[in-house]
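K.L.:
only geometry, no sequence info:
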C-alpha cells in the first residue's frame with residue numbers, strides 16, 4: 001500500500017469509494033453489498049479543555065504530551081499528532097482502536113460577535129485560552145458495507161453502513177512491543193466467523209510515516225504584519241479551518257467542518273489504497289448485457305400486407321390493361337422488327353402483323369462478309 005500517494009491524494013482532492021474503478025466487460029455490472037476493512041476519521045471540538053501553561057504561557061490541551069512545535073514569532077496556529085499506545089497483548093479492547101490523534105490549536109481571527117479582531121485587540125486577547133479554538137481528530141480501523149454499480153463506463157460505489165465502534169483483538173506480537181508482528185482483528189458475531197485484520201505495524205506506519213509528518217507545524221499570523229508557516233501542508237490546513245486570510249474573519253471559513261472534510265478525505269483515500277492492495281480480495285458481481293428483441297403481432301402486419309395487396313392489384317391491372325388497350329405494336333411483339341425498315345409495311349395493329357408474318361418467308365443469307373435476312377415472297381397480298 002502506497003501510504004504517501006494515498007495521503008497526498010486525500011490532501012489535494014476530494015476522495016470517495018467510487019475512485020476505485022470496477023472491472024466490467026459488459027454494459028452494466030452490479031455487485032451484492034460487501035463489507036470491507038476501512039479507515040475512518042472522527043472529529044470533535046475540544047476548545048473547552050484549553051489552558052495556558054504557567055511555565056511558558058503556551059495555550060495547549062492536557063492530553064497533549066509534547067510541547068507545541070516551534071514557530072517563527074508568536075504562534076497563532078499549530079498542529080501536532082499523537083500515536084496511540086497499547087502496551088500488552090493479546091487482549092480484548094472493548095472500545096474503538098485508535099491509530100492516532102491529530103490536534104489543531106489556533107487563535108481565530110473572529111471574535112465572539114463574528115467580527116475581525118483589530119490590531120489593538122489581536123495581541124492582548126490571544127493571551128486568554130477562552131479566545132482560542134482546538135479541534136481533535138482521530139483515525140481508527142472500521143468496517144464499511146459498500147454497494148457498487150458499473151454503468152456507462154462509470155463506477156459508482158456508495159457506503160451503506162459504517163461500523164466504527166467495534167471490539168478489536170490484538171493477536172500476536174510481543175507484550176513489550178505489540179506492534180512488532182501483531183494484528184488487530186475483528187470477528188463478526190453473525191455466525192460466519194468472518195475475520196478482518198489490520199497489521200499493527202501498518203497502523204504505525206500509516207501514522208508515523210504518513211499522517212504524522214503532514215499534521216505537524218505552525219503558523220504565525222498578525223494583523224498589519226507578515227504571516228509565517230512552518231510545514232509544507234500547514235497553509236492548506238489553515239485555509240481549511242480559518243479561510244484564505246488568517247487574520248480576517250471570513251463567514252465562509254470551514255472551521256470544524258473544514259477540518260472534518262480534510263480528515264474524511266484522507267481516511268477515504270487510505271481505504272481505497274487498502275481495497276486495491278495486493279492483499280485485497282476480488283469481489284465477483286453480475287454482468288448485464290443489452291440485447292434487442294422484436295415483438296411482432298398480427299395487428300402490426302396488417303399495414304404491410306395491405307400495401308402488398310394493393311401493389312399486386314396495380315401490377316396485374318397494368319399488365320391486363322396493356323394487353324387490351326391500343327398499345328403501339330412495337331412495344332408488344334418482336335415480329336415488327338422484321339419489317340420495321342419498310343415504310344410501306346402496312347403495319348397498324350398487332351393482329352394484322354401476325355397475319356402478315358404467317359405469309360412472309362425470309363432466308364438468312366451470307367454475302368461472304370456478313371449475314372442478313374432476305375425476304376422470299378411466295379404470295380403478294382394487297383392491303
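P.N.:
On my side now, so go ahead. Every value quoted in this text rests on a predicted model; they were computed, and no experiment measured them. Numbering: from 1, shown residues only.

K.L.:
and the gap between residue 310 and residue 304?
P.N.:
Remark: distance between residue 310 and residue 304 (C-beta to C-beta, to the nearest Å) = 11 Å. (C-beta placed from N, C-alpha, C; glycine too.)

K.L.:
One more: residue 127?
P.N.:
As for residue 127, its distance to residue 304 is 93 Å (criterion: C-beta to C-beta).

K.L.:
For the two, indicate the residue with more neighbours.
P.N.:
Relative neighbour count places residue 127 above the other of residue 127 and residue 304, with 12 against 9, counting by other C-beta atoms under 10 Å.

K.L.:
Just to check, the more buried one is in contact with residue 52?
P.N.:
Yes - with the criterion set as C-beta atoms under 8 Å, residue 127 and residue 52 qualify as a contacting pair; they are 7.3 Å apart.

K.L.:
ok, residue 19 - contacts?
P.N.:
Residue 19 is in contact with residue 272, counting by C-beta atoms under 8 Å, 6 or more residues apart in numbering.

K.L.:
Per-residue pLDDT of residue 138, please?
P.N.:
At residue 138, the model reports a pLDDT of 91.

K.L.:
er, residue 148 actually
P.N.:
Model confidence at residue 148, expressed as pLDDT, equals 95.

K.L.:
How far does the one helix or strand it maps to sit from its chain's centre?
P.N.:
Assignment of secondary structure by DSSP states H and E places residue 148 within strand 133-151. The chain centre lies 18 Å from the centre of strand 133-151; the measure is C-alpha atoms, centre = their mean, to the nearest Å.

K.L.:
residues of that strand that come out buried?
P.N.:
133-144, 146-150 (16 or more other C-beta atoms under 10 Å).

K.L.:
How about stretch 12-23?
P.N.:
Neighbour-count burial for stretch 12-23 flags 15-20, 22 (criterion: 16+ other C-beta under 10 Å).

K.L.:
Over to stretch 199-210?
P.N.:
For stretch 199-210, a neighbour-count test (16+ other C-beta under 10 Å) marks 199-200, 202-204, 206-207, 210 as buried.

K.L.:
about what we covered before: can you list the strands that the strand holding residue 148 pairs with?
P.N.:
Strand 133-151 pairs in its sheet with strand 28-30 (antiparallel), strand 34-45 (antiparallel), strand 100-106 (antiparallel), strand 154-163 (antiparallel), by DSSP bridges.

K.L.:
How far off centre is the longest one?
P.N.:
Using C-alpha atoms, centre = their mean, the mean C-alpha position of strand 34-45 is found 21 Å from that of the whole chain.

K.L.:
Same question for the third one.
P.N.:
Once both centres are worked out by C-alpha atoms, centre = their mean, strand 100-106 turns out to sit 32 Å from its chain's centre.

K.L.:
following that strand, which helix or strand shows up next?
P.N.:
Per DSSP H and E, strand 100-106 leads on to helix 119-125 as the next helix or strand towards the C-terminus.

K.L.:
In contact with the closest residue in space to residue 246 that isn't next to it in sequence, which residues?
P.N.:
Leaving aside its sequence neighbours, residue 246 sits nearest to residue 221 (C-beta to C-beta, 6 or more residues apart in numbering; 4.3 Å). Residue 221 is in contact with 76-77, 107, 109, 227, 246-247, counting by C-beta under 8 Å, 6+ apart.

K.L.:
among those residues, which two are most distant?
P.N.:
107 and 227 (12.5 Å; C-beta to C-beta).

K.L.:
ok, the two, which is more surrounded?
P.N.:
A side-by-side neighbour count of residue 107 and residue 227, using other C-beta under 10 Å, places residue 107 first with 24 against 17.
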